[in-house]
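>>> A structural model of the following input is requested.
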Amino acid sequence: MQFLSLSSAWFAIAMPLIAAMYILKRTYMEQEIASHMLWRRALNEQEANRPWQKLRSRLLLLLQLAAALLLTLALMQPVIMRTAAASGHAVIVIDRSASMTARSSDDGSGRSTKLELAVSEAEQWLSRQPGNRPITLIATGQQPEVVLSRTIDRAALNEKLQQITPAYGKSDNTAALSLADSLLLNEPDGELVVFTDGLWPDLAEANAMQLHSTASLTIVGSSERSNNQAILYFGIKADAGGNGSNTAVVTVKNDSSAARKVQLDLSARNEQGELSIAAQSSIDIAAGEWESVQLTGLPAASYYKAELRPAADAIHADNSAYQFPETPRAKQALLVTEGNLFLEKALQLAGIRTVKVSPDSAAPTGEMAEKTDWIVLDGNDQRLYNDLIWAKLLEEKPLWLIDHPQEDEARSEVPSNVQTIVQEHPVTSYITFSDTHISRLAKPPAEELGWGKPILTYSGIPAIYAGEESGKPKLRFTFNLQDSDLPLRSEFPVLIVQAAEWMSGGSQLELGASAADQLLELSLHSETSEAYWEAVERIDNFSVQSQAGAAQTMALDLNANGVYAAPSAPGLYRLVEINGKGEVIGRRMLAVHADSAELARPADAFGALRLVQSSPAADSEAEIGHEPNEQSLSLAVWAAALLLLLMAAEWEVYRRGHSS
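This is a model prediction of the structure:
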């Protein structure tokens, strides 16, 4: 309880004055008299008067003292402070930026993150609000998101709070505050409630804002980040010796108050999907400093992964990074032919490293077989399938068959015209085959073609089949290239390049690295009718989920005019493109990392986050702190009511003559 007018306490002097009046009161001794005629004489006898007497307990005295006390308290204007029972519209802002993924304890050993603490604090705040108070829930991000608007459904609010996930990209916190404040315009009883760790890159801009609504700020966790190690940079370049190996440069930051020693593991994943550690290093880093390490002699790989293994760490999302080699390894094709110079040269122009062998040769084994990405069988020689080693190799590798139909074969036909029908497919894009002469086409049995569909029909006869068998791309030309004039036409190199890309699994160039939720300009294939991100490894704050644990896809909006958002969580993703027939026509990989500005330690000059409220009437500013809004409740009314009751009781005492 507080008193708004302590100076009125001087009226308490009335209490000892009342007591003095009873002390100095004249008191008469009781006398027995024989007649009322002597009454006046008895009252006038001064010798019976005792002016200085011991103060006795009298009901009237107690009532008068209580009345004086209550009057004094009323003059002092007593009030009690209590939390304002607000009923107006409230807007909750939950900070879900990357810094909120830090573990709650300073040493990084906490079991919950700051975001989880913020959600818990918001739930407790909601439990204290009137059930009919409308609530709007906003989550920060690249663009603020209104999760729920003006709802009184507490169950729905708590459910949505639990579903809020971190935003690892750039967060526009000032925009979230501005949106929340705009929703409370012309609502004098409205309130803005913010739950955050206060580590905002746009802190200066947010502190310069003047809010029109009352606000409260709850800081969760420590405002200073401690004991966090992060990979700031990860790059791959080819070794100068030209021996096919690569060199990695990794920069690690120690964002803590003490020197740390971290273990760095660098892994390489080959094209067979096997991930193995290629190099390791132990790095000593001073407090608040960074160190770079160079790792050489890395084997060729489709991509590399750098990972820190600190003893304790506040944020796990910045401990892993992915990178791709500067130039991908050239695909190697095994060309089994008796001689086809045009095909061999066209494959070389397509960037394919070709190893030519005769059908009579023994099947390659060992290192040569391992380095072979796919096989071109120029002449579907049945003898190879009868050889166990050849048959095993042809089954394991993607296969491109080129038939050599003969005149005496029953399953062949001479085309009657040059009319062609070209289906939409990556192999036949930009190809018309107009006026192309083909002397004879093979007609394989249907049981040999269950894996594919014709993408080129010549004179009503399928000339090219494409599809997948056992998850591997497969092509079949039903005509001999040397029995046509196709190699002499300008479309031939284009056809071979596109066929080589199809056999290689799509484009050989990866998409590189990007921050989470960053907008990317991507060039999709002309035949793409559907595209999506497929998670290969997704990094959260506590662990790395592999393919099995991250079986999720995110569809792309093909009407986005070539600009698409990167996935929202750090990790490794694959962009998969599908044509209208449901066939995969492209696979490219993208490494996604958390926005460095969101994870960087803010400069000391930024200071602390504060919310400033502007008063349009008085043109003044008032800083909003951590304490909830309070209101004062005056007790003067209750004191006045009690005083009236005492006065009524005093009158009753006088009326009945019970003054002592």
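>>> all helices for the stretch 151-300 of the chain, in order.
Assigned by DSSP state H, counting those that start in this stretch, the helices in the stretch 151-300 of the chain fall at 154-162, 173-183, 203-207.
>>> so which of the ones you listed is the most packed in?
Of all those, helix 173-183 carries the top mean neighbour count, a mean of 20, counting by mean count of other Cβ atoms under 10 Å. C-beta: built from backbone N, CA, C; applies to glycine.
>>> quick one: the nearest residue to residue 472 once chain neighbours are set aside and residue 502, what's the gap?
The shortest distance from residue 472 to any non-neighbouring residue, by Cβ to Cβ, 6 or more residues apart in numbering, is to residue 398 (4.3 Å). Residue 398 sits 9 Å away from residue 502 when distances are taken as Cβ to Cβ, to the nearest Å.
>>> what's the overlap in contacts for the two?
residue 473 (Cβ atoms under 8 Å, 6 or more residues apart in numbering).
>>> which residues touch residue 266?
For residue 266, the contact set (Cβ under 8 Å, 6+ apart) comprises 248, 250, 277-281, 295, 298, 304-307.
>>> and the residues you listed, which of them are in strands?
Those of those mapping onto strands are 248, 250, 277-281, 295, 298, 304-307, per DSSP state E.
>>> could you turn the buried ones of those into a PyMOL selection?
Buried members of the ones in strands among the contacts of residue 266, defined by 16 or more other Cβ atoms under 10 Å, are picked up in PyMOL with:
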select buried, resi 248+250+278+279+281+295+298+304+305+306+307
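>>> re the thing from before, the residue nearest to residue 472: what's it in contact with?
373-375, 472-474, 503.
>>> same list (those residues) but as a markdown table, adding pLDDT and distance to residue 155.
Output for the contacts of residue 398, formatted as a markdown table (pLDDT from 0 to 100; distance: Cβ to Cβ, whole Å):
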| residue | pLDDT | distance to residue 155 |
| --- | --- | --- |
| 373 | 87 | 56 |
| 374 | 90 | 57 |
| 375 | 92 | 61 |
| 472 | 84 | 51 |
| 473 | 88 | 51 |
| 474 | 91 | 54 |
| 503 | 86 | 55 |
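>>> now for these: which two are most distant?
The largest separation in those, counting by Cβ to Cβ, is between 373 and 474 at 13.6 Å.
>>> quick one on the thing from earlier: which one of the ones in strands among the contacts of residue 266 is nearest residue 426?
Nearest to residue 426 among these: residue 304, at 28.1 Å, using Cβ to Cβ.
>>> wait, that closest one touches residue 277, no?
No - using Cβ atoms under 8 Å, residue 304 is not in contact with residue 277, being 10.8 Å away.
>>> overlap in contacts of these two?
Common neighbours of residue 304 and residue 277 (criterion: Cβ under 8 Å, 6+ apart): 266-267.
>>> skipping adjacent residues, who's closest to residue 475 in space?
Per Cβ to Cβ, 6+ apart, closest to residue 475 is residue 400, 4.4 Å.
>>> my guess is the one you found contacts residue 481, does it?
No - in this structure, residue 400 is not within contact of residue 481 by Cβ under 8 Å, at 11.7 Å.
>>> quick check: what element follows the strand or helix carrying residue 474 along the chain?
Element membership for residue 474 (DSSP states H and E) is strand 472-477. Proceeding C-terminally, strand 472-477 gives way to helix 491-503 as the next helix or strand, assigned by DSSP H and E.
>>> mind listing what's buried along that next one?
492-503.
>>> from the chain's centroid, how far away is that helix?
41 Å (Cα atoms, centre = their mean, to the nearest Å).
>>> now for the next helix or strand after it, which elements pack on it?
Counting by DSSP H and E, the next helix or strand C-terminal to helix 491-503 is strand 512-515. On a contact count with 3 or more Cβ pairs under 8 Å, 6 or more residues apart in numbering; DSSP states H and E, strand 512-515 meets strand 584-593.
>>> can you give me the strands for the stretch 351-500 of the chain?
Here the stretch 351-500 of the chain has its strands, by DSSP state E, counting those that start in this stretch, at 353-357, 374-378, 399-402, 412-413, 420-422, 441-442, 452-458, 461-469, 472-477.
>>> adding distance to residue 257 and mean neighbour count, write these out as a markdown table.
Output for these, formatted as a markdown table (distance: least, Cβ to Cβ, whole Å; neighbours: other Cβ atoms under 10 Å):
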| stretch | distance to residue 257 | mean neighbour count |
| --- | --- | --- |
| strand 353-357 | 53 | 16 |
| strand 374-378 | 55 | 23 |
| strand 399-402 | 60 | 21 |
| strand 412-413 | 80 | 18 |
| strand 420-422 | 67 | 18 |
| strand 441-442 | 75 | 24 |
| strand 452-458 | 63 | 20 |
| strand 461-469 | 55 | 20 |
| strand 472-477 | 54 | 22 |
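>>> flag the shaky bits of the stretch 151-300 of the chain, pLDDT-wise.
222-226, 240-243, 271-273 (pLDDT under 70).
>>> tell me which stretches of it form strands.
Counting by DSSP E, counting those that start in this stretch, the strands of the stretch 151-300 of the chain are 191-196, 210-211, 214-219, 228-238, 246-255, 260-269, 275-285, 290-298.
>>> roughly how far does residue 481 sit from residue 458?
Taken as Cβ to Cβ, the span from residue 481 to residue 458 is 13 Å.
>>> got the domain boundaries for this structure?
2-82+634-656, 90-222+611-628, 228-328, 332-503, 512-597 (automatic domain parsing).
>>> distance between the last one and the chain's centre?
This points to domain 512-597. In terms of Cα atoms, centre = their mean, the gap separating the centre of domain 512-597 from the centre of its chain is 15 Å.
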